[in-house]
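Novice: Sharing a sequence plus its predicted fold:
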Amino acid sequence: AQSVTQLDSHVSVSEGTPVLLRCNYSSSYSPSLFWYVQHPNKGLQLLLKYTSAATLVKGINGFEAEFKKSETSFHLTKPSAHMSDAAEYFCVVSALEGYQKVTFGTGTKLQVIP
Amino acid sequence: DSGVTQTPKHLITATGQRVTLRCSPRSGDLSVYWYQQSLDQGLQFLIQYYNGEERAKGNILERFSAQQFPDLHSELNLSSLELGDSALYFCASSPGTGTVAKNIQYFGAGTRLSVL
């Protein structure tokens, strides 16, 4: 079975402060993990991906995520939030279970306060 | 620009009607996915096609159907529309071959369906 849990549906931070968006996953296979971002009225854009190489993954726009197998987590971080980071973020797990099975989390809405 | 094209961008129709949403995947991508995003249900996976064949099904209603054509474009058909079908419908494509790690999904801008 494969699942993704995004622990917070909404996160609010002040501009210039750190961002932490939490994601836990479950997979019977060696998964790949992704974070996507969706700005209002836009499609989803890939932020970063983990593919069993380095456990600390750097993405676009200063975002990073760390894969922790022992904690089955893949939290997304950014040292300093920018107003343009306000969006919805989706954690995704993907594994080959006969076919490429992809599961999206329920999303976390990030609000950045000026 | 992701390279995935969805048409139309907006669609307004009435209950009971039928509509067709179209998706052109990125050049070379064999897999196409359809998703529904609504305020109350969030992002829901509907169905996946790979090289013309159905590969996986998610929460797709029986009133909905999809197909992928020999040129790899895909269509999502929604029939007997209800008010609750109003949502953003996304198409994504990926190579569909090779490792899972390489199978990043690239999303189109979506079709916004309004059922009145």
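Specialist: Good, I have the coordinates. Given the structure is predicted, the values throughout are model-derived calculations rather than measurements.
Novice: Close to chain B: what parts of chain A are there?
Specialist: Residues of chain A lying near chain B by C-beta under 8 Å from any C-beta of the partner chain: A:31-32, A:34, A:36, A:42-46, A:49, A:51-52, A:90, A:94-96, A:99-104, A:106-107. For the C-beta atoms, the positions are set from N, CA and C on the backbone; glycine is no exception.
Novice: center of chain B, which residue is that?
Specialist: B:Trp34 (2.8 Å; C-alpha atoms, centre = their mean).
Novice: pLDDT wise, what is A:Ala1 at?
Specialist: Note on A:Ala1: pLDDT of 75.
Novice: can I assume B:Gly84 sits in a strand?
Specialist: No: counting by DSSP: H, G, I helix; E, B strand; the rest coil, B:Gly84 is located in no strand; its state is helix.
Novice: Now do the same for it: its pLDDT.
Specialist: Looking at B:Gly84, its pLDDT stands at 94.
Novice: again with B:Leu116
Specialist: Model confidence at B:Leu116, given as pLDDT, is 95.
Novice: hmm, back to that, now, the residues of chain A next to chain B that are in strands?
Specialist: Judged by DSSP state E, the residues of chain A next to chain B include A:32, A:34, A:36, A:44-46, A:49, A:90, A:94-96, A:100-104 as members of strands.
Novice: and those residues, which are buried?
Specialist: Using 16 or more other C-beta atoms under 10 Å in any protein chain shown as the burial test, these include A:32, A:34, A:36, A:44-46, A:49, A:90, A:94-95, A:100-104 as buried.
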